[in-house]
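**Q** structure here, sequence nowhere to be found:
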């Protein structure tokens with residue numbers, strides 16, 4: 001899935017055009033011989049997001065609190081979600097197509113005060129054991145998460161405690177938290193390619 005999506009991305013580039021890549025993407029491109037190092041430029045998540053939409057919404061009513069948040073919101077600390085427990089952040093971006101994610105909601109659980117990521121993940125149902133093993137290995141075998149296949153839309157409905165991802169702290173910016181999530185799911189997509 002990552003391999004196919006990465007090749008599609010590369011095909012969209014002209015022959016001499018530099019490839020804009022996040023660190024995890026650069027490593028993948030080089031490891032798989034898809035590009036030469038001199039043809040890759042490391043960029044920040046903010047530069048790579050492309051078309052995106054972000055909003056803050058009320059957890060109880062799903063009413064939008066702030067919509068069409070600008071790129072400057074990416075520099076806010078992720079801890080703002082703990083400060084505003086009744087709100088969640090919803091993010092859509094073309095970048096998530098690479099990792100097969102359909103929209104991401106970030107919130108802090110009102111009861112347990114844990115940072116959660118809720119999203120749809122496009123992967124075959126037969127990959128369930130690989131996905132569960134990956135989550136257990138990377139988040140800890142005792143870490144609670146939810147993974148349910150939705151036959152209607154063919155997506156996995158996922159609820160992950162993102163604070164268990166290696167590198168997560170409350171001091172991260174929204175952009176850094178999104179990049180951490182992206183890298184986590186990119187690695188899962190690469191693993192699914194191997195299986």
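**A** That came in fine, so what should we check first? Since we're looking at a predicted model, the values are computed, not measured. Numbers count the residues shown, from 1 in each chain.
**Q** list the contacts for the residue most central in space within the chain?
**A** In the chain, the centroid-proximal residue (CA atoms, centre = their mean) is residue 182; its distance is 3.4 Å. Shown in contact with residue 182 (CB atoms under 8 Å, 6 or more residues apart in numbering): 22, 24, 45, 95-96, 99. Every residue, glycine included, has its C-beta placed from N, CA and C.
**Q** let me see the ranges of the strands in this structure.
**A** 19-21, 40-42, 52-58, 64-66, 87-93, 101-108, 115-121, 146-150, 155-161 (DSSP state E).
**Q** residues making contact with the worst-scoring helix or strand of the chain on mean pLDDT?
**A** The least trusted helix or strand in the chain, going by mean pLDDT, DSSP states H and E, turns out to be helix 45-48, with a mean of 88. Helix 45-48 has contacts (CB under 8 Å, 6+ apart) with 20-22, 71, 74, 95, 175-176, 178-179, 182.
**Q** equivalent analysis for stretch 73-86, please.
**A** Here stretch 73-86 has contacts from 45-46, 54, 56, 58-60, 87-89, 106-108, 110, 113, 115, 170-178, using CB under 8 Å, 6+ apart.
**Q** generate a ChimeraX selection restricted to the buried entries among those.
**A** Buried members of the contacts of stretch 73-86, defined by 16 or more other CB atoms under 10 Å, are picked up in ChimeraX with:
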select :45,46,54,56,59,87,88,89,106,107,108,115,172,173,174,175,176,177,178
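**Q** picking that back up, wait, which of the strands of the chain is closest to residue 138?
**A** strand 155-161 (9.7 Å; CB to CB).
**Q** can you give the contact residues for the closest one?
**A** 102, 114-123, 131, 135, 139, 143-150.
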